[in-house]
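**Q** quick one, what's the 3D model for this:
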Amino acid sequence: MGLRVGYILGLLEALCSADGVRKPQKSSEEGRDITEGDGQRYQRLLVQAKEELKIQTLCGEEYWRSDGIWAYEVQSKAGEEDVTFWEVVDQHPAVRKWLEKVRDEVRNLGIESAEEGFSGVGVGEGGVRLENLVETMSVVEDGAREL
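**A** Here you go, the predicted model:
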């Protein structure tokens, strides 16, 4: 569960840091630039996510029974009778809510992010990869230091 929460908070922190950074313009890319002021909205989302994704909240009585079994509906994605722990984590109501919010934010910006196995920072075709955004931010920061 901690990996998933870290992924969510990490993406929100990256978006906060990217305030005012323009993505490379290519005709094949969709999405919009990160504009001045978006960082404030991302900062509010980050504060809210940190509050709602606290371990005390995630593991509270609202979501877990006293015998350690989850108290929310979990469906097996593979159609099997048993569910995996990843399915339990991804279907946790608070985790699911924030995964959807973060996915929507990066999708709206045309940024791709890796989720499967947390093996990278950007995969797939089209759009700007998160690693490119981070690289662009580094160049901007380096240029500012030289001033």
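**Q** quick check: residue 66 is in a strand.
**A** No: read with DSSP: H, G, I helix; E, B strand; the rest coil, residue 66 is coil and lies in no strand.
**Q** how far away is it from residue 93?
**A** Going from residue 66 to residue 93 by CB to CB, to the nearest Å gives 19 Å. (C-beta placed from N, C-alpha, C; glycine too.)
**Q** between those two, who's got more neighbours?
**A** residue 93 (14 against 7; other CB atoms under 10 Å).
**Q** surely the more buried one and residue 60 touch.
**A** No: applying CB atoms under 8 Å, one finds residue 93 not in contact with residue 60, separated by 11.3 Å.
**Q** burial of residue 56, as a residue count?
**A** Neighbours of residue 56 (other CB under 10 Å): 6.
**Q** for it, what is the enclosing helix or strand?
**A** Residue 56 is located in helix 55-58, with elements delineated by DSSP states H and E.
**Q** and that helix, what does it pack against?
**A** When contacts are defined as 3 or more CB pairs under 8 Å, 6 or more residues apart in numbering; DSSP states H and E, helix 55-58 packs onto helix 93-108.
**Q** beta partners of residue 111?
**A** residue 128 (DSSP bridges).
**Q** and it, what pLDDT?
**A** At residue 111, the pLDDT value in this model is 72.
**Q** likewise for residue 52?
**A** 96.
**Q** looking at this, residue 82 is in a strand?
**A** No: going by three-state DSSP, the assignment for residue 82 is coil, not a strand.
**Q** in contact with it, which residues?
**A** residue 76 (CB atoms under 8 Å, 6 or more residues apart in numbering).
**Q** picking that back up, now do the helix holding residue 56: everything it contacts.
**A** By CB under 8 Å, 6+ apart, the list of residues contacting helix 55-58 from outside reads 1, 2, 5, 51, 92, 94, 95.
**Q** just checking, next helix/strand downstream of the one helix or strand the third one maps to?
**A** Secondary-structure element containing residue 5, defined by DSSP H and E: helix 2-17. Helices and strands here follow DSSP H and E; after helix 2-17, the next one along the chain is helix 38-52.
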